[in-house]
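1. just a sequence and a predicted model for now, questions to come.
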Amino acid sequence: MAENFEIAFLGTGSPLISAERCGAGQVVVAGGRNVLVDLGWGAARRLIPAGVMPSSIDTLLFTHMHTDHITDFPDFLFLRWTAGATTPLTIYGPAGTKETVDGFMAALRLDIGFRLAHHAGKLHPDGIRCNVIELPTTAAATRFAEIDGIGIDAFEVDHFPVVPAFGYRVSFDGRTVVLSGDTSFCQSLLEASRGADMLICEAMNRPMLDQQMAFLRGAGRTLQASLFEDVPSYHISTPEIAGLARDANIGELVLSHIIPPIGTDAASVAGFTTGMSDIYTGPITVAKDTQRIAVTRR
Ligand SMILES: [Zn+2]
Ligand SMILES: [Zn+2]
(Lines give C-alpha, C1' and ligand atoms only; values in the text may rest on other atoms or scores of the structure.)
(Ligands and ions follow the chains in the order given, each with its own letter.)
Protein backbone atom coordinates (compact mmCIF):
# COMPACT_ATOMS: atom_id res chain seq x y z
CA MET A 1 0.00 0.00 0.00
CA ALA A 2 1.23 3.49 -0.83
CA GLU A 3 2.52 5.51 2.10
CA ASN A 4 0.85 8.79 3.03
CA PHE A 5 2.24 11.69 0.98
CA GLU A 6 0.28 14.95 1.05
CA ILE A 7 0.74 18.69 0.88
CA ALA A 8 -1.00 20.78 3.56
CA PHE A 9 -1.49 24.34 2.31
CA LEU A 10 -1.15 26.93 5.06
CA GLY A 11 -1.15 30.12 2.99
CA THR A 12 -1.96 30.38 -0.71
CA GLY A 13 -1.67 34.16 -1.06
CA SER A 14 1.02 36.74 -1.68
CA PRO A 15 1.88 40.14 -0.14
CA LEU A 16 -1.44 41.45 -1.48
CA ILE A 17 -4.06 41.67 1.24
CA SER A 18 -6.66 38.91 1.27
CA ALA A 19 -9.08 37.75 3.95
CA GLU A 20 -8.98 34.19 2.60
CA ARG A 21 -5.38 33.72 1.56
CA CYS A 22 -2.47 34.10 3.97
CA GLY A 23 1.18 34.49 2.98
CA ALA A 24 3.03 31.52 1.51
CA GLY A 25 3.42 28.32 3.54
CA GLN A 26 2.98 24.61 2.99
CA VAL A 27 3.80 21.40 4.81
CA VAL A 28 5.04 18.32 3.00
CA VAL A 29 3.49 15.43 4.94
CA ALA A 30 5.35 12.24 4.05
CA GLY A 31 5.17 9.04 6.05
CA GLY A 32 5.44 10.17 9.66
CA ARG A 33 7.37 13.39 8.93
CA ASN A 34 6.29 16.98 8.33
CA VAL A 35 8.58 19.32 6.39
CA LEU A 36 7.57 22.97 6.40
CA VAL A 37 8.23 25.16 3.35
CA ASP A 38 8.03 28.94 3.94
CA LEU A 39 6.18 30.91 6.61
CA GLY A 40 4.50 34.04 5.27
CA TRP A 41 2.11 36.25 7.22
CA GLY A 42 -0.68 34.22 8.84
CA ALA A 43 0.73 30.83 7.83
CA ALA A 44 1.60 29.74 11.39
CA ARG A 45 -1.99 30.10 12.60
CA ARG A 46 -3.10 27.75 9.79
CA LEU A 47 -1.00 24.82 11.05
CA ILE A 48 -3.48 23.33 13.49
CA PRO A 49 -6.56 23.92 11.25
CA ALA A 50 -4.56 22.15 8.51
CA GLY A 51 -4.01 19.20 10.88
CA VAL A 52 -0.31 19.72 11.60
CA MET A 53 1.04 19.97 15.16
CA PRO A 54 3.75 22.66 15.28
CA SER A 55 5.92 20.49 17.55
CA SER A 56 5.92 17.76 14.88
CA ILE A 57 8.04 19.93 12.56
CA ASP A 58 11.83 19.63 12.81
CA THR A 59 12.74 20.84 9.32
CA LEU A 60 11.94 24.18 7.66
CA LEU A 61 12.86 25.18 4.10
CA PHE A 62 12.83 28.81 3.00
CA THR A 63 12.54 29.57 -0.72
CA HIS A 64 13.66 33.21 -0.49
CA MET A 65 13.75 36.17 1.85
CA HIS A 66 10.59 38.07 0.78
CA THR A 67 8.29 39.04 3.68
CA ASP A 68 5.34 37.01 2.43
CA HIS A 69 7.50 33.88 2.89
CA ILE A 70 9.22 34.58 6.22
CA THR A 71 7.41 36.91 8.63
CA ASP A 72 5.47 34.24 10.56
CA PHE A 73 8.74 32.59 11.55
CA PRO A 74 8.74 33.99 15.14
CA ASP A 75 5.14 32.90 15.75
CA PHE A 76 5.86 29.43 14.40
CA LEU A 77 8.94 29.11 16.57
CA PHE A 78 6.95 29.91 19.71
CA LEU A 79 4.03 27.65 18.73
CA ARG A 80 6.52 24.83 18.17
CA TRP A 81 8.32 25.46 21.46
CA THR A 82 5.22 25.75 23.62
CA ALA A 83 3.73 22.66 21.95
CA GLY A 84 6.64 20.69 23.42
CA ALA A 85 9.58 20.81 21.00
CA THR A 86 12.75 19.60 22.72
CA THR A 87 15.19 19.70 19.81
CA PRO A 88 16.48 22.54 17.62
CA LEU A 89 14.73 23.37 14.34
CA THR A 90 16.84 22.67 11.24
CA ILE A 91 16.42 25.42 8.64
CA TYR A 92 17.59 25.17 5.03
CA GLY A 93 17.51 28.04 2.58
CA PRO A 94 19.43 30.18 0.12
CA ALA A 95 22.29 32.51 1.02
CA GLY A 96 20.83 35.19 3.29
CA THR A 97 18.82 32.73 5.40
CA LYS A 98 21.28 32.93 8.30
CA GLU A 99 21.23 36.73 8.38
CA THR A 100 17.42 36.70 8.41
CA VAL A 101 17.10 34.00 11.12
CA ASP A 102 19.78 35.68 13.25
CA GLY A 103 17.79 38.93 12.99
CA PHE A 104 14.58 37.23 14.12
CA MET A 105 16.42 35.54 17.00
CA ALA A 106 17.93 38.86 18.12
CA ALA A 107 14.44 40.38 18.15
CA LEU A 108 13.14 37.44 20.22
CA ARG A 109 16.03 37.35 22.74
CA LEU A 110 14.20 39.25 25.50
CA ASP A 111 10.98 37.30 25.07
CA ILE A 112 12.78 33.95 25.18
CA GLY A 113 14.33 35.01 28.49
CA PHE A 114 10.94 36.09 29.87
CA ARG A 115 9.31 32.76 28.91
CA LEU A 116 12.13 30.67 30.39
CA ALA A 117 11.92 32.65 33.65
CA HIS A 118 8.12 32.53 33.87
CA HIS A 119 7.74 28.82 33.00
CA ALA A 120 10.76 27.71 35.02
CA GLY A 121 11.94 24.26 33.92
CA LYS A 122 8.88 23.53 31.74
CA LEU A 123 10.14 24.60 28.31
CA HIS A 124 13.15 22.80 26.92
CA PRO A 125 15.89 25.31 26.08
CA ASP A 126 16.79 23.40 22.89
CA GLY A 127 13.21 23.70 21.59
CA ILE A 128 13.72 27.37 20.71
CA ARG A 129 17.09 26.91 19.03
CA CYS A 130 17.76 26.82 15.29
CA ASN A 131 20.46 25.29 13.08
CA VAL A 132 20.67 27.15 9.79
CA ILE A 133 22.18 25.53 6.70
CA GLU A 134 22.60 27.76 3.66
CA LEU A 135 22.52 25.70 0.47
CA PRO A 136 24.68 26.17 -2.63
CA THR A 137 22.95 27.79 -5.59
CA THR A 138 22.58 25.40 -8.51
CA ALA A 139 20.41 25.59 -11.62
CA ALA A 140 19.95 21.81 -11.64
CA ALA A 141 17.97 20.17 -8.82
CA THR A 142 20.58 19.05 -6.27
CA ARG A 143 19.93 16.67 -3.36
CA PHE A 144 20.78 18.13 0.07
CA ALA A 145 18.73 16.10 2.53
CA GLU A 146 17.38 12.59 3.06
CA ILE A 147 14.99 12.43 6.00
CA ASP A 148 13.32 9.07 6.71
CA GLY A 149 13.05 8.28 3.00
CA ILE A 150 12.14 11.85 1.96
CA GLY A 151 14.65 13.10 -0.62
CA ILE A 152 14.83 16.88 -0.98
CA ASP A 153 16.54 18.76 -3.82
CA ALA A 154 16.96 22.52 -4.28
CA PHE A 155 17.25 24.44 -7.56
CA GLU A 156 17.60 28.12 -8.37
CA VAL A 157 14.66 29.95 -9.93
CA ASP A 158 14.47 33.42 -11.52
CA HIS A 159 12.90 35.89 -9.10
CA PHE A 160 15.32 38.73 -9.94
CA PRO A 161 16.28 40.96 -8.14
CA VAL A 162 15.75 38.39 -5.36
CA VAL A 163 18.99 36.42 -5.73
CA PRO A 164 19.26 33.60 -4.94
CA ALA A 165 15.70 32.25 -4.83
CA PHE A 166 14.97 28.52 -4.71
CA GLY A 167 12.39 25.96 -5.72
CA TYR A 168 12.35 22.50 -4.10
CA ARG A 169 11.77 19.00 -5.40
CA VAL A 170 10.62 16.41 -2.87
CA SER A 171 10.56 12.66 -3.57
CA PHE A 172 8.99 10.01 -1.36
CA ASP A 173 7.74 6.47 -1.87
CA GLY A 174 8.29 6.64 -5.64
CA ARG A 175 6.40 9.93 -6.06
CA THR A 176 7.71 13.44 -6.66
CA VAL A 177 6.33 16.92 -6.01
CA VAL A 178 7.98 20.16 -7.14
CA LEU A 179 7.40 23.46 -5.35
CA SER A 180 8.22 26.39 -7.60
CA GLY A 181 8.83 29.08 -4.98
CA ASP A 182 8.43 32.56 -6.48
CA THR A 183 9.67 32.76 -10.04
CA SER A 184 9.14 34.01 -13.54
CA PHE A 185 9.18 31.38 -16.28
CA CYS A 186 12.66 29.84 -16.26
CA GLN A 187 14.44 26.83 -17.73
CA SER A 188 15.58 25.53 -14.34
CA LEU A 189 11.97 25.19 -13.14
CA LEU A 190 11.06 23.37 -16.36
CA GLU A 191 14.00 20.98 -16.00
CA ALA A 192 13.40 20.30 -12.28
CA SER A 193 9.71 19.67 -12.97
CA ARG A 194 10.17 17.08 -15.72
CA GLY A 195 8.02 14.03 -15.08
CA ALA A 196 6.94 15.14 -11.59
CA ASP A 197 3.68 13.71 -10.26
CA MET A 198 2.68 17.17 -9.01
CA LEU A 199 3.87 20.73 -9.59
CA ILE A 200 2.85 23.31 -7.01
CA CYS A 201 3.36 26.56 -8.88
CA GLU A 202 3.01 30.18 -7.96
CA ALA A 203 0.52 31.84 -10.32
CA MET A 204 -0.29 35.26 -11.71
CA ASN A 205 -3.37 36.03 -13.80
CA ARG A 206 -2.21 39.02 -15.85
CA PRO A 207 -5.63 40.32 -17.04
CA MET A 208 -6.94 40.20 -13.44
CA LEU A 209 -3.83 42.05 -12.22
CA ASP A 210 -4.31 44.68 -14.95
CA GLN A 211 -7.92 45.15 -13.79
CA GLN A 212 -6.75 45.78 -10.23
CA MET A 213 -4.14 48.24 -11.48
CA ALA A 214 -6.82 50.18 -13.38
CA PHE A 215 -9.03 50.18 -10.28
CA LEU A 216 -6.22 51.55 -8.12
CA ARG A 217 -5.39 54.24 -10.66
CA GLY A 218 -9.08 55.22 -10.84
CA ALA A 219 -9.17 55.46 -7.05
CA GLY A 220 -6.20 57.83 -7.06
CA ARG A 221 -3.84 55.26 -5.49
CA THR A 222 -1.06 55.95 -7.96
CA LEU A 223 1.81 54.59 -5.83
CA GLN A 224 0.08 51.21 -5.41
CA ALA A 225 -0.79 51.12 -9.11
CA SER A 226 2.82 51.84 -10.08
CA LEU A 227 4.12 49.16 -7.65
CA PHE A 228 1.72 46.67 -9.30
CA GLU A 229 3.36 47.48 -12.64
CA ASP A 230 6.58 45.85 -11.34
CA VAL A 231 4.86 42.58 -10.31
CA PRO A 232 4.81 40.74 -13.68
CA SER A 233 8.58 40.96 -14.19
CA TYR A 234 9.25 38.30 -11.52
CA HIS A 235 6.16 36.09 -11.49
CA ILE A 236 4.88 33.43 -13.88
CA SER A 237 1.59 33.90 -15.73
CA THR A 238 -1.16 31.30 -15.95
CA PRO A 239 -0.58 30.54 -19.68
CA GLU A 240 3.17 30.19 -19.04
CA ILE A 241 2.48 27.71 -16.20
CA ALA A 242 0.19 25.66 -18.43
CA GLY A 243 2.87 25.56 -21.16
CA LEU A 244 5.52 24.51 -18.65
CA ALA A 245 3.27 21.78 -17.18
CA ARG A 246 2.62 20.44 -20.68
CA ASP A 247 6.28 20.54 -21.74
CA ALA A 248 7.51 19.01 -18.46
CA ASN A 249 4.82 16.30 -18.63
CA ILE A 250 3.51 17.03 -15.13
CA GLY A 251 0.96 14.62 -13.66
CA GLU A 252 -1.06 17.24 -11.80
CA LEU A 253 -0.87 21.01 -11.40
CA VAL A 254 -1.71 22.85 -8.18
CA LEU A 255 -1.67 26.66 -8.16
CA SER A 256 -0.77 28.58 -5.02
CA HIS A 257 0.65 32.07 -4.22
CA ILE A 258 -2.32 33.43 -6.17
CA ILE A 259 -1.80 36.90 -7.74
CA PRO A 260 -4.01 38.86 -7.53
CA PRO A 261 -5.75 37.11 -4.60
CA ILE A 262 -9.13 35.65 -5.56
CA GLY A 263 -11.98 34.09 -3.60
CA THR A 264 -12.35 30.34 -3.27
CA ASP A 265 -15.72 30.15 -5.12
CA ALA A 266 -15.97 28.23 -8.38
CA ALA A 267 -16.50 31.34 -10.54
CA SER A 268 -13.34 33.04 -9.23
CA VAL A 269 -11.30 29.87 -9.72
CA ALA A 270 -12.66 29.38 -13.26
CA GLY A 271 -11.85 33.00 -14.10
CA PHE A 272 -8.33 32.68 -12.73
CA THR A 273 -7.53 29.52 -14.72
CA THR A 274 -9.21 30.63 -17.96
CA GLY A 275 -7.50 29.14 -21.00
CA MET A 276 -5.06 26.91 -19.10
CA SER A 277 -6.83 23.65 -20.00
CA ASP A 278 -6.46 24.51 -23.68
CA ILE A 279 -2.69 24.22 -23.19
CA TYR A 280 -2.31 21.61 -20.41
CA THR A 281 -4.79 18.75 -20.26
CA GLY A 282 -3.96 17.35 -16.79
CA PRO A 283 -5.84 18.21 -13.59
CA ILE A 284 -5.52 21.82 -12.37
CA THR A 285 -6.40 22.82 -8.79
CA VAL A 286 -6.29 26.28 -7.19
CA ALA A 287 -5.27 25.49 -3.60
CA LYS A 288 -7.08 26.96 -0.58
CA ASP A 289 -5.65 27.73 2.84
CA THR A 290 -5.75 24.66 5.17
CA GLN A 291 -6.51 22.31 2.24
CA ARG A 292 -4.59 19.02 2.04
CA ILE A 293 -3.92 17.47 -1.35
CA ALA A 294 -2.48 13.96 -1.79
CA VAL A 295 0.49 13.42 -4.09
CA THR A 296 -0.62 10.45 -6.15
CA ARG A 297 1.32 8.41 -8.67
CA ARG A 298 0.45 9.61 -12.15
ZN1 LIG B 1 5.87 35.67 -2.61
ZN1 LIG C 1 8.89 36.66 -3.70
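-> Nice, thanks for sending it over. Ligands and ions are numbered 1, 2, ... in the order given.
2. now do the contacts for the spatially most distant residue from the centre of the chain.
-> Of all residues in the chain, Ala120 has its C-alpha farthest from the mean position, at 35.4 Å, by CA atoms, centre = their mean. Going by CB atoms under 8 Å, 6 or more residues apart in numbering, Ala120 touches no other residue. C-betas here are computed from N, CA, C, even on glycine.
3. so it, which of the three states?
-> Ala120 carries the three-state label coil when classified by DSSP: H, G, I helix; E, B strand; the rest coil.
4. around ligand 1, pick out the residues from the stretch 51-200 of the chain.
-> 66, 68, 182 (CB under 5 Å from the ion).
5. looking at those residues, which is nearest Thr90?
-> His66 (21.4 Å; CB to CB).
6. burial count for the closest one?
-> Neighbourhood size, His66 [other CB atoms under 10 Å]: 21.
7. mind listing what it touches?
-> Contacts of His66 (CB under 8 Å, 6+ apart): 15, 162, 182.
8. same question for Gly271.
-> 205, 208, 262.
9. that one in helix, strand or coil?
-> Gly271 - assigned by three-state DSSP - is helix.
10. how near is it to ligand 1?
-> Using CB to the ion, to the nearest Å, Gly271 is found at 21 Å from ligand 1.
11. state the distance from that residue to Ala107.
-> According to CB to CB, to the nearest Å, Gly271 and Ala107 sit 40 Å apart.
12. cool, and Arg115?
-> For Arg115, the distance to Ala107 - CB to CB - is 14 Å.
13. who's more crowded, these two?
-> Arg115 (16 against 10).
14. so whichever residue of the stretch 151-298 of the chain sits closest to ligand 2 is in which element?
-> Closest contact between the stretch 151-298 of the chain and ligand 2, by CB to the ion, is at Asp182 (3.4 Å). Element membership for Asp182, per DSSP states H and E: none, as it lies in no helix or strand.
15. next one: Gly51
-> Counting by DSSP H and E, Gly51 is found in no helix or strand.
16. Phe114 versus that one, what's the distance?
-> Counting by CB to CB - Gly51 and Phe114 are separated by 31 Å.
17. rebuild the residues of the stretch 51-200 of the chain next to ligand 1 as JSON lines, extending it with distance to Met198 and pLDDT.
-> Output for these, formatted as JSON lines (distance: CB to CB, whole Å; pLDDT from 0 to 100):
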{"residue": "His66", "distance to Met198": "23", "pLDDT": "98"}
{"residue": "Asp68", "distance to Met198": "22", "pLDDT": "97"}
{"residue": "Asp182", "distance to Met198": "18", "pLDDT": "98"}
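18. which residues in the stretch 1-150 of the chain form helices?
-> 67-70, 73-82, 97-118 (DSSP state H, counting those that start in this stretch).
19. sorry, slip of the keys, the one I care about is the stretch 151-298 of the chain.
-> 187-193, 206-218, 222-229, 238-247, 266-272, 276-279.
20. export those helices as JSON lines, with columns for mean pLDDT and distance to Val28.
-> Shown next, in JSON lines, are the helices of the stretch 151-298 of the chain (pLDDT from 0 to 100; distance: least, CB to CB, whole Å):
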{"stretch": "helix 187-193", "mean pLDDT": "98", "distance to Val28": "15"}
{"stretch": "helix 206-218", "mean pLDDT": "96", "distance to Val28": "29"}
{"stretch": "helix 222-229", "mean pLDDT": "94", "distance to Val28": "32"}
{"stretch": "helix 238-247", "mean pLDDT": "98", "distance to Val28": "20"}
{"stretch": "helix 266-272", "mean pLDDT": "97", "distance to Val28": "24"}
{"stretch": "helix 276-279", "mean pLDDT": "98", "distance to Val28": "24"}
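21. Gly11: which of these is closest?
-> Comparing the helices of the stretch 151-298 of the chain under CB to CB, the one sitting nearest is helix 266-272, at 16.7 Å.
22. list the contacts for Thr273?
-> 238, 255, 284, 286.
23. filter these to the buried ones?
-> 238, 255, 284, 286 (16 or more other CB atoms under 10 Å).
24. look up how far Gly13 lies from the second one.
-> Distance of Leu255 to Gly13, given as CB to CB: 12 Å.
25. please apply the same query to the last one.
-> Here the criterion is CB to CB. By it, Val286 lies 12 Å from Gly13.
26. mutual contacts of the two, please.
-> Ile258.
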